[in-house]
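# Sequence plus predicted model, see below.
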Amino acid sequence: MSHSATDTGQRAAAFSRVRRVVVKVGTRLLTDVAGVPAAERIDLLVGALAELRGRGWEVLLVSSGAIGAGMTVLGTAKRPRTVSELQAHAAIGQCRLMYHYETACVARGFHCAQLLLTADDLQDRERHLNVTSCLSALLAKGVLPVINENDSVSVAEIRVGDNDTLAAMVAAMVRADLTVLLTTVNGLRVRNPNGTLGNRVSVVAELTEALRAMAGGTDGNRFSVGGMATKLRAADMVMRTGEHLVIADGRDFATLGRVAAGEDVGTLFCGQPGPRMRGHKRFLAFFSEPAGALTVDDGAAEAVWRRGRSLLPGGVTALTGEFQRGDTVRILDASGQEIGRGVTNFGHRELARIQGLRSADVRRILGEDACFDEVVHRDYLVLTR
């Protein structure tokens, strides 16, 4: 069964070996709780994070709220629409947020550090590794990393888009055992035939299309940019790595302690069974930008998708884009649906000469350029469908 309404031991099994956790908190939880100043909300949040640290867990925080905090500072009633106004509000609000975070952390005997990221920082391999190394060093020093998208410089071309996705990306980078997305609802709920929301889903073992259909978009709040749909995309990413994610109600930050204790709160999305995804495959699946695409026939799609085989030249039927050896390419089935991504051993010019041919013919045609029998070796291929 893809999901269930009650926990039958899944949380106990999933959390028994947790050592590293990514917590994401949305803008509404920090700046849109009636009658509670942002400074007090942040203090309460840091208190809850300190309890997780007290369990021996390494904690990373992905915090929204820069634009919302800037709106509060400037008295802006409605979320700005222009890029320059959003950037200005983010620049103002980020200073306020970090002041509150550091004040709350110091009161509990540790420090925090700010990392503001763009999509380029995550997608460029060298910068990606630098970010990962920095996070590892901060955790080793007992510092709480506070991560946000760099909204003061980001434009559409270099945006991650939402902090649910950013949290999942950070979790993939640092191999977090658990990701917790705090929101204003207690997890995913069943959508009734009349469109109303029904009972809470406790555990999700497989993220099916039916479950995705339960998710909505934005909720119309003046601070919001996402909704349950972005959280399910984040859950899908984390589950594919073999790790776990919880969506829970964060209006009371004590929920974090209840999650850590294994109580049946929110919705647990269980990681895929088997070994956790290896580091280079995580980069392929979630961060690398494909330079082109390979369309394959039904036999090759079956071999790659069902049997875990490498992609050979004989299965390639068409090429798209101009790519070089070592680039990431998408692998498409005959219907055009992506089934995987991998590192190609041939540039587009070489592959155009050998596509559809037997591996035995490759060396005869390419000569000294034929360094490989496989177009994409299975060790450098990740399934995405």
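Received the coordinates, thanks.

# in this protein, which helix has the most residues?
For the chain, the helix that runs over the most residues, judged by DSSP state H, is helix 83-106.

# what are the bridge partners for Arg191, then?
Beta-bridge partners of Arg191, counted by DSSP bridges, are Leu197.

# and it, what pLDDT?
Listed pLDDT for Arg191 reads 80.

# same check, this time on the one 3 residues further on
On pLDDT, Asn194 comes in at 80.

# which SS class is it?
Secondary structure, DSSP: H, G, I helix; E, B strand; the rest coil: Asn194 is coil.

# And for it, the neighbour number?
6 (other Cβ atoms under 10 Å). C-beta here means a position set from N, CA and C on the backbone, and glycine is covered the same way.

# Which residues does the longest helix of the chain contact?
Here helix 83-106 makes contact (Cβ atoms under 8 Å, 6 or more residues apart in numbering) with 30, 38-39, 42-43, 45-47, 63, 65-74, 76, 79-80, 111-112, 114, 116, 144, 146, 148, 151-155.

# what's the answer for stretch 353-367, then?
With Cβ under 8 Å, 6+ apart as the criterion, stretch 353-367 contacts Leu312, Pro313, Gly314, Val316, Thr317, Ala318, Leu319, Phe346, Glu350, Ala370, Asp373, Glu374.

# likewise stretch 316-332?
Stretch 316-332 is contacted by residues 284, 288-297, 300, 304, 311, 334, 338-348, 350-352, 355-356, 375-376, 381 when judged by Cβ under 8 Å, 6+ apart.

# Give me the buried entries from those residues.
284, 288, 290-297, 300, 304, 311, 339-348, 350-351, 355, 375-376, 381 (16 or more other Cβ atoms under 10 Å).

# Among the contacts of helix 83-106, which are located in helices?
Judged by DSSP H, the subset of the contacts of helix 83-106 located in helices is 30, 38-39, 42-43, 45-47, 66-74.

# mind checking the SS state of the nearest residue to Leu381 once chain neighbours are set aside?
Spatial nearest neighbour of Leu381, excluding adjacent residues (Cβ to Cβ, 6 or more residues apart in numbering): Gly342 at 3.6 Å. Assigned state for Gly342: strand (three-state reduction, three-state DSSP).

# which residues does Gly342 contact?
Gly342 makes contacts with Leu284, Leu311, Thr328, Val329, Ile331, Val376, His377, Tyr380, Leu381, Val382, as judged by Cβ under 8 Å, 6+ apart.

# Glu263: how many residues sit nearby?
Quick note: Glu263 (other Cβ under 10 Å) scores 13 neighbours.

# what's the closest non-adjacent residue to it?
Once flanking residues are discounted, Glu263 sits nearest to Arg11: 7.7 Å by Cβ to Cβ, 6+ apart.

# so the one you found makes contact with Phe269?
No - using Cβ atoms under 8 Å, Arg11 makes no contact with Phe269, being 11.4 Å away.

# out of these two, which sits in the more crowded spot?
Per other Cβ under 10 Å, whichever of Arg11 and Phe269 has more neighbours is Phe269, with 30 against 23.

# Show me the beta-bridge partners of the more buried one.
Val204, Leu245.

# Ile331 now?
Per DSSP bridges, the residues bridged to Ile331 are Leu294, Gly340.
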